[in-house]
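Participant: no FASTA, just this:
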């Protein structure tokens with residue numbers, strides 16, 4: 001018999017410390033650092049359900065996570081949760097377990113859910129449920145400064161490409177010298193880029209635009225930086241029992257500040273993982289996107305960024321307008337779906353989405 005267990009925000013810390021699954025040898029439903037992050041989420045309330053566990057004879061056979069957030073509706077702020085980390089024991093597939101977990105979470109959140117970055121199989125589950133409708137499809141761009149083969153192919157199929165990894169590493173190293181020479185001819189623009197681990201109070205002015213979309217303030221950004229979901233280092237026993245991201249070979253995150261003279265024009269929360277740069281939150285109400293990209297390129301060169309992915313509309317347009325100095329580019333699409341009751345609260349209001357909305361800011 002399947003038993004379902006709900007882990008609420010007020011219970012997360014004790015769950016991490018006391019649940020027997022962490023001391024055993026089987027799968028775990030959440031990593032310690034991700035659980036600590038959930039417990040500290042400034043948008044979570046004590047009774048919010050953060051995990052639904054499915055257990056059979058005391059063994060974990062499935063789980064589904066939720067990340068509380070707020071959005072701006074037509075009559076005010078609305079609370080909801082992002083679905084995250086759906087896992088089913090391979091031996092239990094075909095028994096309707098994923099459907100039951102989704103029903104449990106849907107009920108726990110009164111039908112107020114949003115999802116992005118799902119697999120085709122998961123999309124089939126969500127479509128069959130009848131709970132969801134399309135919210136948006138963001139068109140992004142991935143650009144490559146150096147050869148990405150050593151970073152990209154082994155992740156897609158480790159067994160297939162392991163024997164070729166020395167060759168890919170060599171190609172990556174060989175691409176640095178000529179590409180760095182090319183970038184020496186990149187002229188500096190109007191903006192300069194400064195990195196910092198701290199939020200600068202002057203940045204608050206850039207967040208004071210009219211509220212729309214998913215709501216994140218400076219406290220949320222500090223939480224994202226101070227409670228990461230990833231740790232730098234090799235895979236260990238715990239990470240091998242957790243089937244979602246928890247480790248990175250190299251990891252760096254913080255803020256990038258873009259100035260024109262003494263005037264702050266933009267602030268960006270960045271995540272650099274294994275040579276892949278993402279820009280989860282970009283605040284640039286009056287900045288010149290082309291100048292921002294130009295200043296960003298100098299910082300990327302210093303950090304040896306292999307490739308950059310962004311869905312921010314102004315930055316995508318600026319990158320598309322100038323192919324140099326990139327080795328290549330690839331279009332990206334990110335799909336968002338929303339439950340019908342939550343969609344009704346929007347009332348046709350303008351809806352902006354940042355790259356980091358959902359759990360993308362962490363991984």
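Facilitator: Received it, and whenever you're ready, just let me know what you need. Quantities reported herein were computed from a predicted structural model and do not represent experimental measurements. Numbering: from 1, shown residues only.

Participant: count of neighbours near residue 254?
Facilitator: One way to gauge burial is a neighbour count; for residue 254, by other C-beta atoms under 10 Å, it gives 16. Just so you know, the C-beta spots here come from the backbone N, C-alpha and C atoms, and that holds for glycine as well.

Participant: tell me what it is bridged to.
Facilitator: With DSSP bridges applied, residue 254 shows beta-bridge pairing to residue 270.

Participant: what's the neighbour count on residue 314?
Facilitator: Using other C-beta under 10 Å as the criterion, residue 314 is surrounded by 17 other residues.

Participant: OK, contacts around the closest residue to it other than its chain neighbours?
Facilitator: What sits nearest to residue 314 in space, not counting adjacent residues and going by C-beta to C-beta, 6 or more residues apart in numbering, is residue 289, at 4.0 Å. Counting by C-beta atoms under 8 Å, 6 or more residues apart in numbering, residue 289 touches 314, 315, 317, 318.

Participant: how about the third one, what does it touch?
Facilitator: Spelled out, that is residue 317. Residues touching residue 317, when contacts are defined by C-beta under 8 Å, 6+ apart, comprise residue 289.

Participant: host element of it?
Facilitator: Assignment of secondary structure by DSSP states H and E places residue 317 within helix 313-321.

Participant: can you check the distance spanned by stretch 253-268, start to finish?
Facilitator: By C-alpha to C-alpha, to the nearest Å, the extent of stretch 253-268 from end to end equals 10 Å.

Participant: could I get the contacts of residue 289 as TSV with distance to residue 90?
Facilitator: Putting the contacts of residue 289 into TSV (distance: C-beta to C-beta, whole Å) gives the following:
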residue	distance to residue 90
314	43
315	40
317	43
318	44
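
Participant: what's the farthest-apart pair in those residues?
Facilitator: Pairwise distances across these peak at 7.3 Å for 315 and 317 (criterion: C-beta to C-beta).

Participant: just the helices in the stretch 101-250 of the chain please.
Facilitator: Listed in chain order, the helices of the stretch 101-250 of the chain (DSSP state H, counting those that start in this stretch) span 120-129, 149-156, 158-161, 165-183, 218-226, 237-241.

Participant: lowest-confidence stretch among those helices?
Facilitator: Set side by side, the helices of the stretch 101-250 of the chain differ in mean pLDDT, and helix 149-156 is lowest with a mean of 53.

Participant: residue 122 contacts residue 86, doesn't it?
Facilitator: Yes: between residue 122 and residue 86 there is a contact at 6.0 Å, judged by C-beta atoms under 8 Å.

Participant: what do these two both touch?
Facilitator: residue 98.

Participant: which one's more surrounded, those two?
Facilitator: The residue with more neighbours, out of residue 122 and residue 86, is residue 86; 22 against 15, by other C-beta under 10 Å.

Participant: same for the helix or strand where that one lies, what does it pack against?
Facilitator: Element membership of residue 86, judged by DSSP H and E, is strand 76-88. The helices and strands touching strand 76-88, judged by 3 or more C-beta pairs under 8 Å, 6 or more residues apart in numbering; DSSP states H and E, are strand 59-73, helix 97-108, strand 113-116.

Participant: can you give me the end-to-end span of stretch 317-337?
Facilitator: Across stretch 317-337, the straight-line distance between its terminal residues is 24 Å, by C-alpha to C-alpha.

Participant: next, the buried residues of it.
Facilitator: Neighbour-count burial for stretch 317-337, with 16 or more other C-beta atoms under 10 Å as criterion, is recorded at 318, 319, 325, 326, 327, 334, 336, 337.

Participant: one more: stretch 62-78?
Facilitator: 62-73, 78.

Participant: mind listing what the closest residue to residue 356 other than its chain neighbours touches?
Facilitator: Leaving out its chain neighbours, the residue that sits closest to residue 356 by C-beta to C-beta, 6+ apart is residue 280, at 2.5 Å. If a contact means C-beta under 8 Å, 6+ apart, then residue 280 has 224, 269, 270, 271, 354, 355, 356, 360, 361 as its contacts.
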